[in-house]
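Trainee: Need a 3D model of the following:
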Amino acid sequence: MRNTFNEQMEQLNVELIEMGALCEEAISAAAKAYLEADAPLGQRAVALEQEIDHKERDIESQCMKLLLRQQPVAGDLRTVSAAMRMISDMERIGDQAADIAEIVRDMEDGPVKRQIPMNEMALAAIRMVTDSVDSFVRRDVQLAHRVIAQDDQVDGLFLSIRRELTGLIARGEDGGLCLDLLMIAKYFERIGDHACNIAQWVEYAVTGEYEED
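Mentor: Residues are numbered from 1 along each chain as shown. Alright, predicted model coming up:
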């Protein structure tokens with residue numbers, strides 16, 4: 001019985017890693033679609049969002065079976081409980097990557113877009129997601145703490161971009177475009193928040209402690 005349980009826990013680990021990889025790919029596709037004005041590439045992020053949704057349902061079902069049939073001990077129970085919270089954040093990351101891609105689809109390239117430092121924010125958000133998943137794979141609480149600390153950087157970049165866009169609108173630049181850019185920045189900021197949540201659940205799974213922001 002215990003061997004079967006261990007195999008199921010290992011499969012859960014594999015499924016979470018695969019879901020994290022899908023999230024990383026979706027964000028990267030959305031960011032590249034924005035940076036290169038490549039709307040068709042953005043459709044890859046939209047397609048990946050559907051795969052992420054399916055993966056969430058599969059993992060949720062797997063977690064419920066583990067809880068109901070196997071009666072896991074304390075440490076394993078924390079891992080399963082944390083996994084159920086993590087997949088919710090991963091699903092939202094997929095949604096937000098798709099949202100960015102949808103905005104990019106109808107966006108024209110131009111000097112206003114190019115002067116907004118979205119690349120730095122996108123790379124920071126992608127790094128947070130990658131590191132949060134790696135912290136789970138490696139059960140690395142220190143890496144999880146670094147992800148949580150990185151959230152301040154992403155928040156700061158969002159505030160900087162918001163100030164710049166507000167100034168551009170005040171100077172008579174295209175208000176619709178500026179609002180689209182602000183929405184994209186907000187989605188990247190929310191992706192960072194979800195990565196931070198994942199890192200917090202990793203800490204809970206490993207240590208039993210959960211620190212809210």
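Trainee: This protein: helices as residue ranges?
Mentor: Ranges of helices in the chain, per DSSP state H, are 2-35, 39-65, 74-105, 111-114, 118-138, 141-170, 175-207.
Trainee: quick one: buried residues of the last one?
Mentor: Using 16 or more other C-beta atoms under 10 Å as the test for burial, helix 175-207 gives 177-178, 180-182, 184-206. C-beta: built from backbone N, CA, C; applies to glycine.
Trainee: related to what we said a few turns ago, which one of the helices of the chain has the lowest average pLDDT?
Mentor: Lowest mean pLDDT within the helices of the chain: helix 111-114, at a mean of 83.
Trainee: who does that helix touch, helix- and strand-wise?
Mentor: helix 175-207 (3 or more C-beta pairs under 8 Å, 6 or more residues apart in numbering; DSSP states H and E).
Trainee: who does the helix it packs on touch, helix- and strand-wise?
Mentor: helix 74-105, helix 111-114, helix 118-138, helix 141-170.
Trainee: List of residues touching the shortest one?
Mentor: Contacts to helix 111-114, defined as C-beta atoms under 8 Å, 6 or more residues apart in numbering, come from residues Met107, Leu168, Glu173, Asp174, Leu177, Cys178, Leu181.
Trainee: For the nearest residue to Gln150 once chain neighbours are set aside, give me its contacts.
Mentor: Spatially, and ignoring its direct neighbours in sequence, Gln150 is nearest to Met128 (5.2 Å; C-beta to C-beta, 6 or more residues apart in numbering). Taking C-beta under 8 Å, 6+ apart as the criterion, Met128 is in contact with Val147, Gln150, Asp151, Val154, Ile191, Gly192, Ala195, Cys196.
Trainee: And the residue lying closest to the fourth one once chain neighbours are set aside, how far from Arg139?
Mentor: Pointing back at Val154 there. Among residues not flanking Val154 along the chain, Gly192 sits closest, at 3.7 Å (C-beta to C-beta, 6+ apart). For Gly192, the distance to Arg139 (C-beta to C-beta, to the nearest Å) stands at 22 Å.
Trainee: So for stretch 165-174, what gets flagged as buried?
Mentor: Leu165, Leu168, Ile169, Glu173.
Trainee: Same list, those, but as TSV with distance to Asp38 please.
Mentor: Formatted as TSV, the buried residues of stretch 165-174 follow (distance: C-beta to C-beta, whole Å):
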residue	distance to Asp38
Leu165	22
Leu168	24
Ile169	26
Glu173	23
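Trainee: dump the residue contacts of the residue nearest the centre of the chain.
Mentor: What sits nearest the mean C-alpha location of the chain, by C-alpha atoms, centre = their mean, is Ile93, with 3.8 Å. Contacts for Ile93 (C-beta under 8 Å, 6+ apart) come out as Cys23, Ala26, Ile27, Ile52, Val129, Ile191, His194, Ala195.
Trainee: what do you get for Met64?
Mentor: Contacts of Met64 by C-beta under 8 Å, 6+ apart: none found.
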